Structures are given as structure tokens and as C-alpha cells.
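1. Using only what follows, build the 3D model:
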Amino acid sequence: MNNFQESFFEALEQLWHHKLRTFLTLLGMIFGVGAVIAMISVGEGAEKEALQLIDSMGVRNVIVQEKKVENERLKEVRKHSIGLSLDDVKASLETLPFVTNYASEKEVEIHTLFSRYANGDNKVLGVTTSFFELSRLKLSAGRWFEQNDQLTYNQVAVLAQGAANELFPQGNAIGQAVKINHLWVTVVGVLEDKLLSKDSFEGVSLGGEASHIYLPLQTTLKRFGFKALSSEIDRFKLELEKGIAPQLAAVALSHLLERRHGAEDDYEITVPAALLKQHKETQRIFNIIMSCVAGISLLVGGIGIMNIMLATVLERTKEIGLLRAIGATQSDIKNQFIIESFTISALGGLLGIVLGFILATVISTFAGWPVGWSFSAVLISVGFCALIGLVFGLYPAIKASKLDPIVALQRD
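-> As a prediction, the model looks like this:
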């Protein structure tokens, strides 16, 4: 241990005597480790975000939504299909035994929206009672819709936290009135703020955004007017039994809807589980590419270490000969140079950690990408960096240890 400490401090002294050369040698390791940490941090953040977004959609859900069709084409489509309807949902429940729950929604076209305190431009959705459960939403105050609200066309609303703050800046939204177009509704519930980084994932709306207003679906269909050719509902979700593959369930659902819609392409089916799989595959490719880039940088850094250690051996030939002459063994010389190369890579690794955190923070700030700090990223990058230092320092160390003491002392 004492020999190691002495060799380590001697290595630091040698590096300090050649500051610029040491710094230039360190750069490859610094950028390599920094790139690894930044890459893994961005990857971790993207995966956590994807899991959060997919969770809001429901991994066991299958989502069917209306496809936008040009007006002229829509007239032809409506000759064969009335669009998405509650009958589609009913047929799915009756035909597909693996469906355990459902939720439907319909967006209201807003002309006027205000409370006694403020105006709003929030999105208003009519939803079934189970919508909140399938969208993983929670209450912070009040109550959910009840089945009776749907049956009696009750004029009540549940507000997302952002909508409640906007329309009732002084708080206490429960029991207050909101006018939506011509209809006054009473606020009966306020949702917890669901902090999602995006409103959609892979082009699919997540539902439950922070500024929406929710009405009972039957109230919406009864009290508001809609365009003549629009579908009865805009979207519905089906929750599947555990153990049922969502992709296979989507195929069965597609066959059912194809028959009901006269083979018209006026809807699209989204499988959140498939989106997650696709995202993970994309992320895996990204990680492989970035790992290769970081690996090349570390490899270049390792070559730099070998180059500088070979130069050091030439510079210190007389010193090596003197050490051998006063009793240093080949093992002592080899260990000294290995420790020096290891010290360079260790310093590069430590500085690379700092650079990696800075890079990840800059990426998060300016690109808007989420980052997730990972202790494993630090261990992997620094460990690989140390390994590079040992491997590339081994040849110069062996070469130094095998120098003939007499020839080394005679070298100018």
C-alpha cells in the first residue's frame, strides 16, 4: 500500500510538471466520459418520460379515435359509415370477451366560456364516468361524475387543476358556476395536477391535460349541437384483461369495426403498449449510436495515453536506468508507469463526470429533453475509462520495465 501511495503521488508530480501535455491527453477521456454520462442521462430521462406518458394512456388500453377526413370525402364516407358511435363501444363489449372497461369522449366546439371571475379558452370534453379511471386521473377536491349524472343529463363539470386556477383564481371552485356556450354547469370536482411533459405521445393525445373541462357525455350529447357529419363520439378506450396481448386484441377490434364501418377508413386504432415498444426500440438504437460515439472518443483518449506514456518512457530513460541501478525491479518500474497511466485516466474520468452533468443539464435546458440521473451511468463510464487507462498504459509500462539498465544510463 505504501508503495502504491508513493507511486501515485509521484505520478501526480510527473503530470503536474507537464500541465499542458497532461491536459491535452486528458481531453479524450473527459469528452468520452462526459458523452457517456450525458447519453445515459438523456436515455434514462426519455424512458421515464415515456413510461409516465404511457401510464396516462394505460398500457392495457386500446384506443380508437376518429380520423380526420376532408369534407368532400366525408360525405362519401358517411354513405357507408356513421363514424365512431356508442354502438361501436357496445358492440365491442358484447363481442370481445376480454374487454373489462371502456371510456368514451366527445369534444365540444367552444364559442363562449367564462365564470364570474374570468374568461377561459379551455378544451371541453364530454366523457363517460369511467374516463377518469382509465386516464389515471385523481381528484384533489369534490367528487367524480355519478351514473345518475349521465342518466339525468345533469349539468355538472369536473375541472382539471389548470382550468380551475384559470377560471377561479381565488380558489374554491367547488359549487361555482361556469358558462359553456349557452349552458351553465356547476363544478363538482377538481382534479389533481397531473404533471405531464407533453400533451401527446407518438402523435396520440394523452387525455387529462392540465386545462381541460369535463362534462358527463350524455349531457354533452343532449345539450350541445354538433356538425351534421361529425361522429357521435370522437374517441373511446377499451381496457383489456390482464394477460391479453394488446396487439392481438387490436386486430380483433379492427375486424369488428371494419365490418361495422363498411370498410371505410374513418378511424384509427392505437395500442399504447406497441407505442412503448416502438419507443424503446428507437431509444435502444439511439443508445447504441451514442455509445459508439462515446466509445470512439474514449478509444482516442486511450491512444493518447499510450502515445504520451511512450514519450515519457523515452524522456525518462536515464531515470529508469538509475532506478534499476539502485535496486528497483522490473515490476517496480512497470507498476510506476501503469499507475501514471491509470492516474491520467482517473483524472479524465472525474472531470468527465462534471462535463457529463453539465452537458445533460444544457441538453435539458435548451433542447427540452428530460434527463434522469443515473449512478450506474457514472460507474459504467468511469470504470470503462479506468480500464482504458490500464490497457493502453500496459505496453509503455512493459517497455519501460524491460529497458537494459546499462544502456539506459548511457542514453543521452
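2. For the rest of this, base every contact and every neighbour count on C-alpha atoms.
-> OK.
3. ok, and what's touching the one helix or strand residue 179 maps to?
-> Taking DSSP states H and E as the definition, residue 179 sits inside strand 177-180. With contact meaning CA atoms under 8 Å, 6 or more residues apart in numbering, strand 177-180 is reached by 110-116, 184-187.
4. Neighbour-wise, give me the winner out of these.
-> With neighbours taken as other CA atoms under 10 Å, the top of the contacts of strand 177-180 is residue 187, carrying 24 neighbours.
5. In a strand, that one, correct?
-> Yes: assigned with DSSP: H, G, I helix; E, B strand; the rest coil, residue 187 falls within a strand.
6. Chain neighbours aside, what residue packs nearest to it?
-> In this structure, residue 187 finds its nearest non-sequential neighbour in residue 157, 4.7 Å apart by CA to CA, 6 or more residues apart in numbering.
7. Also residue 189?
-> residue 142 (4.1 Å).
8. ok, now which ones touch the one you found?
-> Residue 142 neighbours (CA under 8 Å, 6+ apart): 174, 188-190.
9. could you redo the last one with a cut-off of 10 Å?
-> Counting by CA atoms under 10 Å, 6 or more residues apart in numbering, residue 142 touches 158, 173-175, 187-191.
10. and if you look at residue 133?
-> Residue 133 touches 56, 58, 101-103, counting by CA under 10 Å, 6+ apart.
11. so which of those would you say is closest to residue 235?
-> Comparing the contacts of residue 133 against residue 235 with CA to CA places residue 103 closest, at 8.4 Å.
12. Specify the local secondary structure of that closest one.
-> What three-state DSSP gives for residue 103 is strand.
13. quick one: it from residue 239, how far?
-> Using CA to CA, to the nearest Å, residue 103 is found at 9 Å from residue 239.
14. Identify the contacts common to the two.
-> By CA under 10 Å, 6+ apart, the residues touching both residue 103 and residue 239 are 63, 134.
15. ok, which stretches of the stretch 101-250 of the chain are strands?
-> 113-114, 124-127, 139-142, 156-159, 177-180, 183-191, 200-201, 204-205, 213-216, 235-240 (DSSP state E, counting those that start in this stretch).
16. Would you format those strands as JSON lines with distance to residue 391 included?
-> Converted to JSON lines, these look like this (distance: least, CA to CA, whole Å):
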{"stretch": "strand 113-114", "distance to residue 391": "69"}
{"stretch": "strand 124-127", "distance to residue 391": "63"}
{"stretch": "strand 139-142", "distance to residue 391": "58"}
{"stretch": "strand 156-159", "distance to residue 391": "62"}
{"stretch": "strand 177-180", "distance to residue 391": "71"}
{"stretch": "strand 183-191", "distance to residue 391": "58"}
{"stretch": "strand 200-201", "distance to residue 391": "44"}
{"stretch": "strand 204-205", "distance to residue 391": "49"}
{"stretch": "strand 213-216", "distance to residue 391": "62"}
{"stretch": "strand 235-240", "distance to residue 391": "53"}
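17. Which strand or helix spans residue 287?
-> With DSSP H and E as criterion, residue 287 is part of helix 272-315.
18. That helix - contacts with which helices or strands?
-> Helix 272-315 is packed against helix 19-57, strand 61-66, strand 200-201, helix 246-260, helix 317-325, helix 330-362, helix 375-401, with contacts defined by 3 or more CA pairs under 10 Å, 6 or more residues apart in numbering; DSSP states H and E.
19. now it, how far from the centre of its chain.
-> Taking CA atoms, centre = their mean, to the nearest Å, the mean C-alpha location of helix 272-315 is offset from the chain mean by 21 Å.
20. likewise stretch 113-132?
-> With CA atoms, centre = their mean, you get 29 Å for stretch 113-132.
21. now the residue nearest to residue 187: how far from residue 150?
-> Residue 157 is 12 Å from residue 150, by CA to CA.
22. Please enumerate the shared neighbours of those two.
-> Contacts common to residue 157 and residue 150, judged by CA under 10 Å, 6+ apart, are 215-216.
23. Looking at these two, which one has more neighbours?
-> residue 157 (28 against 20).
24. Could you report the distance from that one to residue 142?
-> Computed as CA to CA, the residue 157 to residue 142 distance reads 11 Å.
25. again, but for residue 404
-> Distance of residue 404 to residue 142, computed by CA to CA: 87 Å.
26. center of this protein - which residue?
-> Nearest residue to the geometric centre of the chain (CA atoms, centre = their mean): residue 46, 1.8 Å.
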